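Enquirer: The following comprises the amino acid sequence and a computationally predicted model.
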Amino acid sequence: MVDITPADGIPPAEVAEVELYHPHSWWTKYVFSQDAKVIAVQYSATATAIGLVALVLSWLMRLQLGFPGTFDFITPEAYYQFITMHGMIMVIYLLTALFLGGFGNYLIPLMVGARDMVFPYVNMLSYWIYLLAVLVLVSSFFAPGGPTGAGWTLYPPQAIMSGTPGGQDWGIILMLSSLILFIIGFTMGGLNYVVTVLQGRTRGMTMMRLPLTVWGIFTATVMALLAFPALFVASVMMLLDRVLGTSFFMPAISEMGEQLQHNGGSPILFQHLFWFFGHPEVYIVALPAFGIVSDLISTHARKNIFGYRMMVWAIVGIGALSFVVWAHHMYVSGMHPYFGFFFATTTLIIAIPTAIKVYNWVLTLWRGDIHLTIPMLFALAFIVTFVNGGLTGLFLGNVVVDVPLSDTMFVVAHFHMVMGVAPILVVFGAIYHWYPKVTGRMLHETLGRFHFWVTFLGAYLIFFPMHYLGLMGVPRRYAELTDMTIMTESAHHLNSFISVMAFIVGFAQMVFLFNLIWSIRHGREAGGNPWRATTLEWQTPQTPPAHGNFGKDLPIVYRWAYDYSVPGAKEDFIPQNMPGSFGPSREPA
Amino acid sequence: MSVILVFLLVIAGFAGWWLSHQRLMTKPWLEQGLAGDFVGLDRSALPTAKIGLGVFLAVVGCLFALFTSAYFMRMAVSDWQPLPLPRLLWLNTGVLVLSSVALQCTSVAARRGQIDTVRLGLATAGLTALAFLVGQFMAWRQLTADGYFLASNPANSFFYLITGMHGLHVLGGLVGLGRTTTSAWTGARPERLRLGVELCAMYWHFLLFVWLAIFALLAGWAATFIDICRELLT
């Protein structure tokens, strides 16, 4: 090993102290708090609450699909509202908010060795605007006409016409306003996450010593800052089309035999804008998951991450590539065949950095000291699920295969596997991993294992059969399938089976929620570093970390984040802030 | 979508330049000890607030690049009828340039510690920016009086949308400028005041640049320019 400590001793940590805001009352400490850790918990709680709504909506959809005609209250209109709100909530208000607002806020300052985010006030504002966005979204359930039923992609012209639920009522207006608010709030938070990684790192914490979790969240945030404006532009323009009668997206069209005042607008323009946001969004959710899972695997296999540099390059590469693949969502929009060819090529090229990551996770596990803790179980489940979902991505990335599969249940199965189940598994793994740091107590082990196995196996029993339904030609977004010739009796049975499984998996999430709440008081005491991990958040003087995170002096970083099982070291992990050289002396190659 | 892709290419170039200074080829597993002595690896010497504003301006730039992309794509449809720009916009442009120049002078004065000049400069910049907003509003009024309504043609819709969006950003900037101006009068620490003034100047120059770009776009010069580029490429 090369010791690069300067010969004349260690210079003092010349990190300018952040001007910390000190709370004076209960309100500023727990409600209008500027502490990133409190904001993280607020973000997570809000995202979970709205996520529960989306879970219930998925149950209602499965009731209709599994047992058509049994439930009178699920009209076709209601069904469309359920699928729209389920999709939108899960993708944006749950996953994006949880990964970046929740984990980003909690982990970035702790992992880079900062006292707080660099702009705490703006950070607080970010949460409150997010909450406002959620409230506006929820209010659409109670508005006349109910929420919008335009599908989560909100394609015009149908999104703002009277045939679609909420199209000529309040639904679509509230949806678009909520999105605009969300983007404003997110931009405020995102500035913090990026600039804190750039400027908040403690002494010795170079970019190439950052844990991969931070790299993942950092890159995803940069992408989100550049991608969300596209959704913002699309939302503002559609809002003007709907409210003030402009024709950005609305072509000349008649409704109920009546010519509307719109003229000449381009629905394809909306699709371009939407997917210019929508595709990076997949990786905005996936990259934090990639980063977190790398740390979980390394910690729980007691082995350094394999190919750290490659992992960093792959994260950056995926982030850049994801901006030039958006039109693969639009193969059936009548695009020029050469465009389709171009976007199919860029789509398949993303498989290279992604495959590098998967190989590196597997090689990290290879001959590691694998502890099958709950976080590790979720991490392993993620790898399998992500590979599965990624493989069907190869089908859909190719134009000739995508065209017949487009708008079938195959697509639903694909994106649920790759950006629904896979990131959620990481969210669970990460919660089991960091819950002891947030609360000081462990989550209940048996309940956790129950939660894992039911969620993991159940998710496969839900989404695997959907691939077959899709290959049979069963379309997505149809409220009523009973009279179609492709819906054989066995297909109906499969649908009922999927629905039953969806209820069981949903029930397991209630067990998880119970565990989260119960363990705050009754969980086993965790101590400061229960997983014997190296990264800085486990080295805080108090658990849960106090305001200011690190006590009087900020930690100084002497090594990378993955010194596990180093030969010659006393323990099988060396914290990042421990000075000294360990291991057999090796010259750099 | 070519405009936004070119914009992102610029951002990617900048990000690549920054990444290339982060020793991406290093082997962190072989290096123990304090790595903070490599030049440029720690935080940047620039004030954090400036970097934050820089990132924010990249986001704002992205927003206007996307509006421009949408503008060109919608323009290709046959119902597009360009609207005559009010002559008032030239005056407004001049006022906004004046505002930017005033802030530039203010930031020079702040560096030299001339508090009276700073106060004068901030007040001038604020008033001229307000005058710009009023001017933009008058231009809107003029257009509606001549029968160019928001919904009557996509060219009109884009005109109101893009100028409105730019105006909102100026308005937001005025909040920041207002805070800096108050602190100049209530006697803030000189280095804080200087930073505030510099941040305002940076934002103002950026908004002026955006305004010049969208003025060129709305007047149709940008389309001519793109056409020439297209001719050269094919």
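Expert: Great, that's in hand.
Enquirer: show me where pLDDT drops low in chain B?
Expert: B:35-43 (pLDDT under 70).
Enquirer: which residues in it form strands?
Expert: Assigned by DSSP state E, chain B shows strands spanning B:31-32.
Enquirer: hey, where'd the helices end up in the stretch 1-150 of chain A?
Expert: A:26, A:36-66, A:76-88, A:105-112, A:120-139 (DSSP state H, counting those that start in this stretch).
Enquirer: tell me how far the shortest one is from the chain's mean position?
Expert: Right, helix A:26. 31 Å (CA atoms, centre = their mean, to the nearest Å).
Enquirer: cool, and the second one?
Expert: Mean C-alpha position of helix A:36-66 versus that of the full chain (CA atoms, centre = their mean) differs by 13 Å.
Enquirer: Please list all residues in contact with residue 106.
Expert: I went with chain A, as the question did not name one. Listed by CB atoms under 8 Å, 6 or more residues apart in numbering or on different chains, the contact set of residue A:106 reads A:36-37, A:40-41, A:434, A:438. No exception for glycine: its C-beta is placed from N, CA and C like everyone else's.
Enquirer: was after chain B, sorry
Expert: With contacts defined as CB under 8 Å, 6+ apart, residue B:106 is in contact with B:117-118, B:121-122, B:125, B:197, B:200-201.
Enquirer: what do you get if the cut-off is 10 Å, keeping everything else the same?
Expert: Contact partners of residue B:106, counting by CB atoms under 10 Å, 6 or more residues apart in numbering or on different chains, are B:114, B:117-125, B:180-181, B:184, B:193-194, B:197-198, B:200-201, B:204.
Enquirer: Could you do residue A:99 as well?
Expert: A:43, A:47, A:216-217, A:220-221, A:224, A:284-289, A:291-292, A:423, A:426-427, A:430.
Enquirer: out of the residues you listed, which are inside helices?
Expert: Taking DSSP state H, the ones among the contacts of residue A:99 that sit in helices are A:43, A:47, A:216-217, A:220-221, A:224, A:284-289, A:291-292, A:423, A:426-427, A:430.
Enquirer: Among those residues, which ones lie close to chain B?
Expert: A:221, A:224 (CB under 10 Å from any CB of the partner chain).
Enquirer: returning to that earlier point: deepest in the core, which of the helices of the stretch 1-150 of chain A is it.
Expert: Stretch with highest mean neighbour count among the helices of the stretch 1-150 of chain A: helix A:105-112 (a mean of 27; mean count of other CB atoms under 10 Å in any protein chain shown).
Enquirer: my guess is residue A:43 meets residue A:133, correct?
Expert: No. Applying CB atoms under 10 Å as the test, residue A:43 and residue A:133 come out as separate, 11.9 Å apart.
Enquirer: Mutual contacts of the two, please.
Expert: Residues within reach of residue A:43 and of residue A:133 at once, by CB under 10 Å, 6+ apart, are residue A:97.
Enquirer: Show me which residues of stretch A:65-75 are buried.
Expert: Within stretch A:65-75, the residues that count as buried by 16 or more other CB atoms under 10 Å in any protein chain shown are A:65-66, A:68, A:74.
Enquirer: what about the longest helix seen in chain B and chain A, touching?
Expert: Taking DSSP H as the criterion, chain B has its longest helix at helix B:154-186. Yes. Counting by CB under 10 Å from any CB, chain A has neighbours in helix B:154-186: B:154, B:156-158, B:160-161, B:164-165.
Enquirer: Adding distance to residue A:446 and neighbour count, write these out as TSV.
Expert: Formatted as TSV, these follow (distance: CB to CB, whole Å; neighbours: other CB atoms under 10 Å in any protein chain shown):
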residue	distance to residue A:446	neighbour count
B:154	62	23
B:156	66	20
B:157	60	23
B:158	61	25
B:160	62	19
B:161	57	22
B:164	58	16
B:165	55	18
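Enquirer: Closest one of those residues to chain A?
Expert: If you rank those by distance to chain A using CB to the nearest CB, residue B:157 comes first, at 4.1 Å.
Enquirer: Can you name the residues that contact that closest one?
Expert: Contacts of residue B:157 by CB under 10 Å, 6+ apart are A:237, A:240-241, A:244-248, A:265, B:74, B:149-151.
Enquirer: residue at max distance from the center of chain B?
Expert: In chain B, the residue that sits farthest from the middle, by CA atoms, centre = their mean, is residue B:30; the gap is 44.1 Å.
Enquirer: related to what we said a few turns ago, turn the buried ones among the contacts of residue B:106 into a named PyMOL selection, would you?
Expert: Selection of buried members from the contacts of residue B:106 for PyMOL, criterion 16+ other CB under 10 Å:
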select buried, chain B and resi 118+120+121+122+123+124+125+180+181+184+193+194+197+198+200+201+204
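Enquirer: Residue A:60: what's it in contact with?
Expert: Residue A:60 makes contact with A:71, A:73-74, A:78-79, A:81-83, A:86, according to CB under 10 Å, 6+ apart.
Enquirer: run the last query once more with 7 Å
Expert: A:74, A:82 (CB atoms under 7 Å, 6 or more residues apart in numbering or on different chains).
Enquirer: Could you work out the end-to-end span of stretch A:363-374 for me?
Expert: Stretch A:363-374 has an end-to-end distance of 20 Å (CA to CA, to the nearest Å).
Enquirer: how about that stretch: buried residues?
Expert: Using 16+ other CB under 10 Å as the burial criterion, the residues of stretch A:363-374 that qualify are A:364-365, A:368, A:370, A:373-374.
Enquirer: Please enumerate the helices of chain B.
Expert: B:2-20, B:48-75, B:88-112, B:115-145, B:154-186, B:190-219, B:221-233.
Enquirer: Need those in TSV (columns: distance to residue A:472).
Expert: Converted to TSV, the helices of chain B look like this (distance: least, CB to CB, whole Å):
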stretch	distance to residue A:472
helix B:2-20	39
helix B:48-75	37
helix B:88-112	60
helix B:115-145	56
helix B:154-186	43
helix B:190-219	50
helix B:221-233	46
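Enquirer: re earlier: rank the helices of the stretch 1-150 of chain A by pLDDT, which is bottom?
Expert: Of all those, helix A:26 carries the lowest average pLDDT, namely a mean of 83.
Enquirer: show me which of the contacts of residue A:106 neighbour chain B.
Expert: With CB under 7 Å from any CB of the partner chain as the criterion, these include none near chain B.
Enquirer: Which strands or helices does the helix or strand harbouring residue A:451 pack on?
Expert: For residue A:451, the element it lies in under DSSP states H and E is helix A:445-472. On a contact count with 3 or more CB pairs under 7 Å, 6 or more residues apart in numbering or on different chains; DSSP states H and E, helix A:445-472 meets helix A:374-397, helix A:409-415, helix A:489-522.
Enquirer: Can you tell me how far the residue in the stretch 251-400 of chain A that chain B sits nearest to is from residue B:168?
Expert: Proximity of the stretch 251-400 of chain A to chain B (CB to the nearest CB) peaks at residue A:264, 3.6 Å away. Residue A:264 sits 27 Å away from residue B:168, taking CB to CB, to the nearest Å as the criterion.
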